[in-house]
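In: Need coordinates for the below:
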Amino acid sequence: MKYREKKILNYKPEQLFDLVSDIKKYPEFLPWCLGSRVKKISHKQLNADLIVGMRIYREIFKSNVHLNKDSSTIEVEYLKGPFKQLKNKWIFNKVDNGCEVDFYVEFELNSRLLNGVIKAFFEEAVVKMITAFENRAGKLYG
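Out: Numbering: from 1, shown residues only. Got it, this is the predicted structure:
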């Protein structure tokens, strides 16, 4: 399953980069994010564990997060968890009226059954997640 969205937001690229890279705060505002553990490897790389779930379903997935302030990109390298594969990338481009956010996610779960269930809700879930980031930016940066 793949999803890509480009959107212009009235914030600076640096603000949105900082917001997305602050993984420790995800449980405060992201739906289905129940917890996070982050270990800083360097100023350009983090190891992150996200605990996600709803009702009785709960999973942990581990990833390396590559932070590149120079190119205003954040890339997630999936390591372990419920996915067969996961690719995620954020690109923040300065434009006249703010920042163009280019968000891309692609994933496949290990379970065919869960893939079928998730497929029906995938786009709606991603839109909710993106909206949560937008709302958080509004709260933090006005």
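
In: From the contact counts, what lies against the lowest-mean-pLDDT helix or strand in the chain?
Out: In the chain, the helix or strand scored least confidently by mean pLDDT, DSSP states H and E is helix 112-141, which has a mean of 86. Applying 3 or more C-beta pairs under 8 Å, 6 or more residues apart in numbering; DSSP states H and E, one finds that helix 112-141 contacts strand 2-9, helix 13-21, helix 26-29, strand 98-109. Placement of C-beta: from N, CA and C, glycine included.

In: Can you verify my assumption that residue 46 contacts residue 62?
Out: No: at 11.2 Å, residue 46 does not count as touching residue 62 under the criterion of C-beta atoms under 8 Å.

In: For stretch 105-114, which residues meet the burial criterion?
Out: Judged by neighbour count (16 or more other C-beta atoms under 10 Å), stretch 105-114 contains these buried residues: 105, 107, 108, 109.

In: between the helices and strands packed on helix 112-141, which gets nearest to residue 52?
Out: Nearest of these to residue 52, taken as C-beta to C-beta: helix 26-29 at 9.4 Å.

In: For the following helix or strand past the closest one, give the mean pLDDT please.
Out: For helix 26-29, the following helix or strand on the C-terminal side (DSSP states H and E) is strand 33-42. Averaging pLDDT along strand 33-42 gives 94.
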